[in-house]
Structure formats: C-alpha cells, structure tokens
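J.: Starting from these lines, generate the structure:
(one chain, ligands or ions: 1)
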Amino acid sequence: MTVPDRHPDVPVTRPDAQVHFGVFFQGVNHTTIWSDPESGSQTDFATFERVIRTAERGLFDAFFLGEGLRLRESRGALHDLDVVGRPDAITQLAALAAITTHIGLVATQNTTYNDPADLARRLQSLDVLSGGRAAWNVVTTDNAWTGANFRRGGYLDHALRYDRAQGQLDVARQIWDAFPDAGGSDAFSGTVAHVSEHSAMFDVELDPTTPRSPQGHPIIFQAGDSPQGRDFAAANADVIFSRHGAVLADALEFAADVRRRTVAAGRPEDDVKIFPGTGIIVGDTPADAEERARWVRWNQVSPATALSIVGNIWGEDLSGYDPDGPLPAHDPVVEELGGERGSATTGARTREVAARWRALAEAEHLSIRELVVRDSGERGFQGMPASVAEDLIRWVRTGAVDGFNISPWIVPSGLDDIVDRVVPELQERGAYPTSYTGTTLREHLGLRAPLTRRAAATAVGAA
Ligand SMILES: Cc1cc2nc3c(=O)[nH]c(=O)nc-3n(C[C@H](O)[C@H](O)[C@H](O)COP(=O)(O)O)c2cc1C
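T.: Next up is the predicted model:
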C-alpha cells in the first residue's frame, strides 16, 4: 500500500535513523481514561507489570515514570481524574527491574526538594541492581502548590531551581565517579566533598559506598522547556524529554534550538537525544482511527475536568458553571505568581491562553467542554498502522526527534496496538530493531561515555 507523504517539503537528513520508543507513565494527570471496561487499576503492581512486559516485548528502550510530589487541587478539590496512591518511582522501578531483563528504567526525581547525596545513592542503587538500566529524569517543578507541601525549600525562585539542579547533579556525578569503572584500573577516590556555589543549598562530605554499574552511572534525562531548562539539558543531559511531539514544524524548531545550545555547551550537536512525549492511536481505517481519537479526547476531558481546567486559567471556582455552556462572560482574574513561587511565566501565559480560548470559542461557537477538548486536539499520531509508521519514520529521519515517549491513553492494554501493529510496520521498513543488541540503557540509546569520563576515555584511546 502506498502511504501519502504528509510532509513532502521537509528534507530527510538521516536516511538510516531508527525509531526508538519509550513508554511514559504519567505521575499526576487527567489523560489516562478510567471509564472504559478495559481500563485497569492505575496503582496495582499488576498494571505496571503488564505495561512493562508489553514494552519489553516491543523492544522499547525505556519505561519511564513521571512523579508528582503533590496532587493537583483547584481551590481545595482534587482533579476528578487524577490518580491517588502511586508508589515512589525509584521503589516501583526496582520492583520492575526484577521481572525484566533489558528495558531501561527512568525515574523522574525532583531536584528542588530532594537531598542530593541520598538521591544520588538511591538512583545509583537502581542502576547497579538493574545491571545498568537506570536513568534519572531531572525535574525542578515549577508549580507553587508542590512548594507549599515542603517547609524545607519552599518557594525557590525559578532561576535558582536550575542552579540547585546543577548542584545536585554535580554532587551526584562526584559520588558516582568516586568508584573506578568496572574492570578499570583507577582507584577508589575516597571522600566526596562538595560545597555548592550556593552554599546555603548544599555542603556535602561523605564516603560513597555503592560501586559503578555496567553503564557507568544512571543516564540523565531532563524535562523542562524554558531557556534555562534547555540550557541545563544542553550542558548535562543525555536525553531531553520534550513537549514538542505533535506538530512536525514545531518539533524541528525545537530540535534546531536544542542542537544550537548543545554546541554552545561544547558538545557534539547530536549528543542530546530528543524524545518528545506523544500519543499514538491506530485504527483499521482512517475513519476508525479518527473515531477512536475523538472518543479518547472526550473521555479524557470529563465535565468536571473541563470546568477545573478553565477555572485554573480564570482564577476562580467555575464548578457551578454549565460545562456545555459558554465561557464566563467576564475576563479572568490573573494571579501573578512570579519567579519566587517557582514560575517565571504564569501571568503572561494565563493572559495568552485566556485570550486564545475566548477567540476560539467565539469563532467556533464552542461550549466550555468542547473548547477544552478542541484545545487538546494535537496530541500526536493517529491513523492506520502503516501510515502511523511512515509518519514516525519521517519525524526521526528529518532530524526532528530521536524517539518517542508514548503515553498510553488506557492501561494496562494501551501499548498492545503499538507493539502488535505499529512495531512490525516499522521493522518491515528497516526502521526499528528486531532484537535488543545491548543490555544497558546507554547501549539502547546509542550514547557515548558519561560526560565526566570522556577525557579519560580519549586519553586511554590515544595511549
Ligand atoms: C515533558 C515534560 C514532563 C514533565 N514531567 C514532570 C514530572 O513528571 N514531574 C514533575 O515534577 N515535573 C515534570 N515536568 C516539569 C518540570 O519539572 C519543570 O519544572 C517545569 O517544566 C518548569 O521548568 P521550565 O520552566 O524549564 O519548563 C515536566 C516537564 C516537561 C516539559
């Protein structure tokens, strides 16, 4: 079957590039559907087990857990579709390491509220226990309500969050590097002493106790989209987890920006792999896929969720409004959070979103719920398996991305169609592996040596 080229003007710059997949299990979200009879528990270990086994059968690089340190609230009420009761990500991944053999295990861990030495040790333990399959998704968390949950740290300024993240990562790398590489000849380097530039944040002195894993140390992911967040990724990360996974032109622009920043940080331009979060919906015909996508979107946006999303922008409780009625007639009351509450952009973003929603609702005569559904329309890829495969290949081979973090819209069965129907289409086109060729996450992702070991590796290579 011939698949029409949906992006004929974008040149293919990497004709042999392979598609890579990760699966992203969100921490706090309203995008996983609960109402379908197929939908299972969002917290039972059996659900995570089934998803990770499917992903490993589909030769995914990684299983990725997001983490929210506090449930979202609107004026005291929890979002009706949020999940309550998720276990800690590192503990969950340690249990999943025991029932898998190859797939990478990515733990989202916050740098604003964790202790650096303790976090470094827990991540390294996961890496050692899993035989070199762990990664740390470094997040700073920009919202105020999580800050309110922690007396220590509180509302750290947005810019200082990235300084603190850098301090955390520097401490972690020193701890991880204190032990020699497996089979290496260098000696244990003993006490790690680190006083951060922002010494009010850390003053660490300890003797590390955990050896290095087969991949050196945990892989570093980063999720954060501000200029500071992108620069942090360019200087430190192996993988950037982006939001730019729905529109090709947007993804290409993002990739060009990340590469420019990576070169400015003194690294090769392809050193940071780009994995956007995305969704994939397949159907037997284009109309079937379209119908499924519509069903998914309507189920993700319950009436209460629609009112709470619009209420957050309007800065008031809209639960008394009719979700099938129009937006409030008055303009929103914008709360200026500012950098000291963790967000540098909230006020401007709120005004921009409200103006855009008002214009869209008036132009298309949309109710509150229709508006929220319409605004969440661009979520990723949909179509028959062959056309989805062609689209994914095009994204990778035009250099827009290196792979995709797929968020299933239903668990535990949400990856079945992708593994059973899309992966074979990719393999048939020579664009997806047919077996794991390595055992570590570093090998799956095709990464170079850890940044801190590069000079040593070059010196050894030159000798
Ligand atoms: C794709 C993506 C996924 C994220 N996932 C999480 C998460 O699971 N937990 C969390 O606390 N923050 C998460 N974040 C938020 C980041 O922590 C970051 O604090 C936030 O985006 C603010 O940083 P920024 O201003 O650089 O974007 C995510 C961000 C992005 C872009």
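J.: Can you give the domain ranges for this protein?
T.: 20-150+158-180+191-283+384-455, 298-376 (the TED database).
J.: Show the contacting residues for the nearest residue to L119 once chain neighbours are set aside.
T.: Spatial nearest neighbour of L119, excluding adjacent residues (C-beta to C-beta, 6 or more residues apart in numbering): Q109 at 5.9 Å. Any C-beta I mention is one placed from the backbone N, CA and C, and that applies to glycine too. By C-beta atoms under 8 Å, 6 or more residues apart in numbering, Q109 lies in contact with 67, 89-90, 119, 123, 136-139.
J.: same thing with A234?
T.: 258, 261-262, 264-265, 267, 272.
J.: What is the burial count for the nearest residue to it once chain neighbours are set aside?
T.: When the adjacent residues along the chain are set aside, A234 lies closest to R261, with 3.7 Å between them (C-beta to C-beta, 6+ apart). By other C-beta atoms under 10 Å, the residues close to R261 number 20.
J.: Let me know the pLDDT of R261.
T.: We have a pLDDT of 98 for R261.
J.: my guess is it contacts G229, does it?
T.: No: with contact defined as C-beta atoms under 8 Å, R261 does not count as touching G229 (10.4 Å).
J.: Please report how far A400 lies from the ligand.
T.: 16 Å (C-beta to the nearest ligand atom, to the nearest Å).
J.: Please disregard the earlier target; I meant V334.
T.: Distance from V334 to the ligand, by C-beta to the nearest ligand atom: 18 Å.
J.: on that earlier part again, quick one: the residue nearest to L119 is in a helix?
T.: No: Q109: not assigned to a helix; according to DSSP: H, G, I helix; E, B strand; the rest coil it is strand.
J.: Settle this for me: S226 is touching R161, isn't it.
T.: No: if you go by C-beta under 8 Å, S226 and R161 don't touch, sitting 9.9 Å apart.
J.: So if I had to pick from the two, which one is more boxed in?
T.: Using other C-beta under 10 Å, the more surrounded residue of S226 and R161 is R161, with 27 against 17.
J.: V138 is in contact with that one, correct?
T.: No: here R161 does not reach V138: they are 10.7 Å apart, not a contact under C-beta under 8 Å.
J.: Overlap in contacts, these two.
T.: Shared contacts of R161 and V138, defined by C-beta under 8 Å, 6+ apart, comprise T111.
J.: What's the local residue count around V10?
T.: By other C-beta under 10 Å, 17 other residues sit near V10.
J.: for L160, same thing?
T.: 17.
J.: Give me the buried positions along the helix or strand hosting it.
T.: Assigned by DSSP states H and E, L160 belongs to helix 158-177. Across helix 158-177, burial judged by 16 or more other C-beta atoms under 10 Å covers 158, 160-177.
J.: The protein against the ligand: which residues are in contact?
T.: When proximity is defined as C-beta under 6 Å from any ligand atom, the chain approaches the ligand at 27, 66-68, 108, 110, 139-142, 223-226, 228-229, 241-243, 277.
J.: just to revisit the earlier point, just the residues contacting the helix or strand that comes right after the helix holding L160, thanks.
T.: Of the helices and strands lying after helix 158-177 in sequence (DSSP H and E), the nearest is strand 192-195. Identification of contacts with strand 192-195 by C-beta under 8 Å, 6+ apart yields 167, 170-171, 174-175, 178, 202-208.
J.: Could you export these as CSV, including pLDDT?
T.: Shown next, in CSV, are the contacts of strand 192-195 (pLDDT from 0 to 100):
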residue, pLDDT
G167, 90
D170, 91
V171, 91
Q174, 91
I175, 92
A178, 89
F202, 79
D203, 82
V204, 85
E205, 86
L206, 85
D207, 87
P208, 87
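J.: Just flag the most distant two among these.
T.: For the contacts of strand 192-195, the maximum inter-member distance is 19.7 Å, found between G167 and D207 (C-beta to C-beta).
J.: tell me the phi and psi of F24?
T.: When read as degrees, to the nearest 10, the backbone of F24 gives phi -110, psi 120.
J.: rewinding a little: show me what the residue nearest to L119 is bridged to.
T.: Beta-bridge partners recorded for Q109 (DSSP bridges): V138.
J.: and the gap between it and D331?
T.: From Q109 over to D331 the distance is 39 Å, taken as C-beta to C-beta, to the nearest Å.
J.: what's the answer for A46, then?
T.: A46 is 48 Å from D331, by C-beta to C-beta.
J.: chain center to stretch 403-418, what's the gap?
T.: 14 Å (C-alpha atoms, centre = their mean, to the nearest Å).
J.: Could you tell me the end-to-end distance of that stretch?
T.: 14 Å (C-alpha to C-alpha, to the nearest Å).
J.: So for that stretch, mean pLDDT?
T.: With pLDDT averaged residue by residue, stretch 403-418 scores 94.
J.: next one: phi and psi at the residue in the stretch 251-400 of the chain that the ligand sits nearest to?
T.: Proximity of the stretch 251-400 of the chain to the ligand (C-beta to the nearest ligand atom) peaks at G277, 4.9 Å away. Main-chain torsions, G277, degrees, to the nearest 10: phi -70, psi 140.
J.: so where do the strands sit in the stretch 151-300 of the chain?
T.: Along the stretch 151-300 of the chain, the stretches classed as strands by DSSP state E, counting those that start in this stretch are 192-195, 203-206, 219-222, 239-242, 273-282.
J.: which of those has the lowest average pLDDT?
T.: strand 192-195 (a mean of 76).
J.: Now that one: buried residues?
T.: 192, 194.
J.: can you give me the offset of that strand from its chain's centre?
T.: 30 Å.
J.: And stretch 386-406, by the same measure?
T.: Counting by C-alpha atoms, centre = their mean, stretch 386-406 comes out at 17 Å from the chain centroid.
J.: what about it, how long is it end to end?
T.: First residue to last in stretch 386-406 (C-alpha to C-alpha) measures 17 Å.
J.: Quote the end-to-end distance of stretch 433-442.
T.: So stretch 433-442: terminal residues 16 Å apart, C-alpha to C-alpha.
J.: Contacts for it, please.
T.: Under C-beta under 8 Å, 6+ apart, the answer for stretch 433-442 is 18, 59, 61-62, 101-102, 104-105, 131-135, 213-216, 219, 238, 427, 443-444.
J.: Buried residues in it, which are they?
T.: For stretch 433-442, using 16+ other C-beta under 10 Å, the buried residues are 439-442.
J.: and what of stretch 63-73?
T.: 63-69, 71-72.
J.: send the alpha carbons of that stretch over as CSV?
T.: C-alpha atoms of stretch 63-73 as CSV (Å, rounded to 0.1, in the frame of the first residue of the first chain):
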residue,chain,number,x,y,z
PHE,A,63,9.9,2.5,30.8
PHE,A,64,9.5,6.0,32.2
LEU,A,65,7.7,7.1,35.4
GLY,A,66,6.7,10.7,36.0
GLU,A,67,6.3,11.8,39.5
GLY,A,68,4.2,14.4,41.2
LEU,A,69,5.0,15.2,44.8
ARG,A,70,1.6,16.6,45.5
LEU,A,71,-1.8,16.0,43.9
ARG,A,72,-3.2,18.9,41.9
GLU,A,73,-6.1,20.9,43.5
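J.: All good on my end, thank you.
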